[in-house]
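Visitor: the following comprises the amino acid sequence and a computationally predicted model.
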Amino acid sequence: MDKRIYLCLAHMSGKEQGFIKEAFDTNWVVPLGPNVNAFEDELKHFVGQDKEVVALSAGTAAIHLGLIQLGVGAGDEVICQSFTFCASANPVAYQGAKPVFIDSEEDTWNMDPVLLEEAIKDRIAKTGKKPKAILPVHLYGMPARIDEICAIAAKYDIPVLEDAAEALGSEFNGQKCGTLMKAPRSRRCFMLRRLVNLSLITSMKRSVTIIV
Ligand SMILES: Cc1ncc(COP(=O)(O)O)c(C=O)c1O
């Protein structure tokens, strides 16, 4: 096998330098500006389902905000995926909470729902309290077993924060990754996705919390 498949490459359309020049020429360097507004708007239509979209500085910032929205704080536990980029779990530690890592199942390489439920039971038995959130990832653009994960989340009434940083454009049953949550307290479930250096957080109901 001599064909190398890269994990990720930057894709340039040829227009990027022009947009950078335009930002300098029009002095829309801070705060944000028409290009970011237009980007958020276009992505809102792409994602669909009346979700609001906010551009952030990084996926890490979006996950961090999502955790704050879910009330994750010191002493809490958040269920994470063991096979992911470290930014899925870092913001859990920023909040003073502890990540509880779940291994992957072999079909999607994402969070194994069977191990997820085992871990929830184990943490309740050992700590006397439920994990504060579940943070599945659609790694390499492959949708996680979100139906099963959401069913377990609903059973234990734990909110889900969906990390779709690697899955912009991926779909599951015709629905875009980053909008798949069916867990309880859905207004408190957030999705995030990534495009170059802009990451987005969208809310299930109305608009969002902000960003950098
Ligand atoms: C699965 C996953 N989650 C979160 C992030 C965080 O994104 P950022 O590097 O923009 O903070 C990444 C980044 O590649 C990622 O792959």
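Guide: On my side now, so go ahead.
Visitor: for the helix or strand hosting Lys155, packing partners?
Guide: For Lys155, the element it lies in under DSSP states H and E is helix 146-156. Secondary-structure packing of helix 146-156 (3 or more C-beta pairs under 8 Å, 6 or more residues apart in numbering; DSSP states H and E): helix 113-127, strand 133-135. (C-beta placed from N, C-alpha, C; glycine too.)
Visitor: go with 10 Å
Guide: strand 77-81, helix 113-127, strand 133-135, strand 162-164 (3 or more C-beta pairs under 10 Å, 6 or more residues apart in numbering; DSSP states H and E).
Visitor: Leu161 and the ligand: what is the separation?
Guide: Distance of Leu161 to the ligand, given as C-beta to the nearest ligand atom, to the nearest Å: 11 Å.
Visitor: and the pLDDT at that residue?
Guide: Model confidence at Leu161, given as pLDDT, is 88.
Visitor: now it: phi and psi?
Guide: Leu161 adopts backbone torsions of phi -110, psi 120, taken as degrees, to the nearest 10.
Visitor: in what helix or strand does the nearest residue to it once chain neighbours are set aside lie?
Guide: Leaving aside its sequence neighbours, Leu161 sits nearest to Gly66 (C-beta to C-beta, 6 or more residues apart in numbering; 4.5 Å). Per DSSP H and E: Gly66 is located in helix 59-69.
Visitor: run the angle between that helix and strand 77-81 for me.
Guide: Helix 59-69 and strand 77-81 are oriented at 140 degrees to each other (axes from the mean of the first three to the mean of the last three C-alpha atoms, to 10 degrees).
Visitor: what residues sit buried inside helix 59-69?
Guide: Gly59, Thr60, Ala61, Ala62, Ile63, His64, Leu65, Gly66, Leu67, Gln69 (16 or more other C-beta atoms under 10 Å).
Visitor: and if you look at stretch 47-55?
Guide: Buried-residue list, stretch 47-55, by 16+ other C-beta under 10 Å: Val47, Lys51, Glu52, Val53, Val54, Ala55.
Visitor: I'd assumed His11 was in contact with Leu168.
Guide: No - Leu168 lies out of contact with His11 (C-beta atoms under 10 Å); the separation is 11.9 Å.
Visitor: between those two, who's got more neighbours?
Guide: The neighbour count for Leu168 versus His11, taken as other C-beta atoms under 10 Å, is higher for Leu168 (21 against 7).
Visitor: doesn't that one belong to a strand?
Guide: No - Leu168 is assigned coil when assessed by DSSP: H, G, I helix; E, B strand; the rest coil, not a strand.
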